[in-house]
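A.B. asks: Requesting a structural model of the entry that follows:
(one chain, ligands or ions: 2)
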Amino acid sequence: MAHDYVMDLTALSASLRTLPPSQPLRLIDENGLRTDAEASAGFPLPSTEILLGLYRKMVIARRFDLQVTALTRQGRLATYPSALGQEACEIAAVAALDADDWLFPTYRDSIALLTRGVAPEHILASFRGDWHSGYDNYEHRIAPQATPLATQALHAVGLATASKLKRDKTVALTFLGDGATSEGDAHEAFNFAAVWQAPVVFVVQNNQFAISVPLDKQMHCQMIADKAVGYGMPGYFVDGNDVAAMYAIVTHAVQNARSGAGPTLIEGLTYRIEAHTNSDDPTRYRASSEVEEWKGRDPIARLEKYLLSEGALSDSERSDIDAAAEKLAAATRECMTREAEIDPLELFDHLYATPRPALAEQRQALADELTAHADAELSEAALSASATPAAAQAQAPAQTGAHS
Ligand SMILES: Cc1ncc(C[n+]2csc(CCOP(=O)(O)OP(=O)(O)O)c2C)c(N)n1
Ligand SMILES: [Mg+2]
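C.D. replies: Numbers count the residues shown, from 1 in each chain. Ligands and ions are numbered 1, 2, ... in the order given. Just a heads-up that it's a prediction; the model follows:
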């Protein structure tokens, strides 16, 4: 019996996963060359027009990411989790969605938001500590960037299930980190998605670290994609630095979800080039030679090589993209020099549909304190204006004029 069971599982695994073990599915290799039918598992290469569009989005996203990291180092933002090196996963996933689909991102996925049209100022409001989520979630159909790991995966399954019940064809896509897949919430999300055949796509960005913990210290399986078998959904192990492969597989998964074929788990194998956040020192837990090795597998350089070899990326196209990236970087710098208008009383909003009496009292107490503080500041300002050298200075131009 045990033997039968093993046979069944192997057959199920083979039917759900079309890939040879350990070999990520790839359409363009590290040298920018098109792969053969075996490596691509028969997935077609996206058109040159689509690839050029993805290239443009990746270059712009990277410029944004570098700019925000620099601003964070200058102290303009409290924190920023960079996605440097992960552009292929981020941009391909978002590009595969329709405007009506929903995205459930994590703290790592700011460039996905950017690519979906959220303004830098609105993306960065939470990282500056101004608001919990600075964009209109309904307008962009993007849930708040989740910091509690894997919680957003459950929300994605919930929305997808509602979509199925309402028969409205909306697909939900959620990003997860490799570490997040070890959370209970991830397992519950995978399980319910499969049981309910929810139209949801799980894109796991395996950047090989959960802060300082490398993958092999937090899971014993060979591939995260293999976990899909246990839930009864297809799993794909994809080269996460090959934007063509990521786009092809996510598009396939989104189409499947929309047509009623249920969820898919996609593992994009990539690497986190930057620190976990600006408060992390990665030199304490990984060798710089490993980082350099992965820099050599850069997703943008790879696609650029392919496009150049196809004669599909002209000098003028490249300078146009660079100009757009610089314009965005300048706009990002500019908006981060502006002070945000913050109302401290918002602290009490969105907690209860009907505020509880104790909370209403606290709100009133803070309102009174703010008014008292503002009054005190006003009278202090009036006092110093009439009694300090500033008042005398107000006369200065006339005196200067008289003497000159
Ligand atoms: C439920 C929960 N537990 C712990 C943390 C602390 N924490 C923040 S990021 C992180 C590592 C996550 O790694 P991974 O899922 O691989 O995502 P990455 O940061 O690499 O994108 C941890 C443990 C958290 N945010 N939420
Ligand atoms: Mg990770």
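A.B. asks: and the stretch 201-350 of the chain, which of its residues are near ligand 1?
C.D. replies: 207, 209-211, 272, 276 (CB under 6 Å from any ligand atom). Quick note: C-beta positions are derived from backbone N, CA and C, even for glycine.
A.B. asks: which of those are close to ligand 2?
C.D. replies: Applying CB under 5 Å from the ion, the subset of those adjacent to ligand 2 comprises 207, 209.
A.B. asks: Could you tell me which residues make contact with the residue in the chain that ligand 2 sits nearest to?
C.D. replies: Closest residue of the chain to ligand 2, CB to the ion: Gly177 (3.8 Å). Applying CB atoms under 8 Å, 6 or more residues apart in numbering, we find Gly177 in contact with 106, 108, 149, 204-207, 210.
A.B. asks: Out of the residues of the stretch 201-350 of the chain next to ligand 1, which end up buried?
C.D. replies: 207, 209-210, 272, 276 (16 or more other CB atoms under 10 Å).
A.B. asks: okay, those in JSON lines with pLDDT and secondary structure next?
C.D. replies: Formatted as JSON lines, these follow (pLDDT from 0 to 100; DSSP: H, G, I helix; E, B strand; the rest coil):
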{"residue": "Asn207", "pLDDT": "98", "secondary structure": "coil"}
{"residue": "Phe209", "pLDDT": "98", "secondary structure": "strand"}
{"residue": "Ala210", "pLDDT": "98", "secondary structure": "strand"}
{"residue": "Arg272", "pLDDT": "98", "secondary structure": "coil"}
{"residue": "His276", "pLDDT": "97", "secondary structure": "coil"}
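A.B. asks: from the contacts of Gly177, which single one is nearest Asp65?
C.D. replies: Arg108 (10.6 Å; CB to CB).
A.B. asks: Farthest-apart pair in the residues of the stretch 201-350 of the chain next to ligand 1, please.
C.D. replies: Checking these with CB to CB, the most distant pair is Asn207 and Ile211, at 10.9 Å.
A.B. asks: where do the strands sit along the protein?
C.D. replies: 102-104, 172-177, 200-206, 209-210, 213-214, 235-239, 264-269 (DSSP state E).
A.B. asks: What parts of the protein come near ligand 2?
C.D. replies: Counting by CB under 5 Å from the ion, the chain sits next to ligand 2 at 177-179, 207, 209.
A.B. asks: cutoff 6 Å now
C.D. replies: Residues of the chain lying near ligand 2 by CB under 6 Å from the ion: 177-179, 207, 209-210.
A.B. asks: In CSV: the residues you listed, plus distance to Ser289.
C.D. replies: CSV is the format used below for those (distance: CB to CB, whole Å):
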residue, distance to Ser289
Gly177, 23
Asp178, 21
Gly179, 23
Asn207, 17
Phe209, 16
Ala210, 21
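A.B. asks: ok, so of those residues, who is nearest ligand 1?
C.D. replies: Gly177 (2.1 Å; CB to the nearest ligand atom).
A.B. asks: can you list the domain ranges for this protein.
C.D. replies: 2-337, 346-403 (automatic domain parsing).
A.B. asks: Tell me which of these is the most buried.
C.D. replies: domain 2-337 (a mean of 19; mean count of other CB atoms under 10 Å).
A.B. asks: and it, how far out from the chain's middle?
C.D. replies: Its chain's C-alpha centre and that of domain 2-337 lie 7 Å apart, by CA atoms, centre = their mean, to the nearest Å.
A.B. asks: how about Met336, what does it touch?
C.D. replies: Per CB under 8 Å, 6+ apart, neighbours of Met336: 71, 76-77, 120-121, 124, 128.
A.B. asks: Find the residue ranges of the stretch 301-404 of the chain scoring beneath the pLDDT cut-off.
C.D. replies: 388-404 (pLDDT under 70).
A.B. asks: which stretch in the domains of the chain has the least confidence?
C.D. replies: Note on the domains of the chain: lowest mean pLDDT is at domain 346-403, with a mean of 78.
A.B. asks: how far is that one from where the chain is centred?
C.D. replies: Computed by CA atoms, centre = their mean, the chain-centroid distance of domain 346-403 equals 39 Å.
A.B. asks: Assess the claim that Leu114 and Phe64 are in contact.
C.D. replies: Yes: with contact defined as CB atoms under 8 Å, Leu114 reaches Phe64; the gap is 5.5 Å.
A.B. asks: Identify the contacts common to the two.
C.D. replies: Joint contacts of Leu114 and Phe64 (CB under 8 Å, 6+ apart) are Pro120.
A.B. asks: Longest helix of this protein, counting residues only.
C.D. replies: helix 357-387 (DSSP state H).
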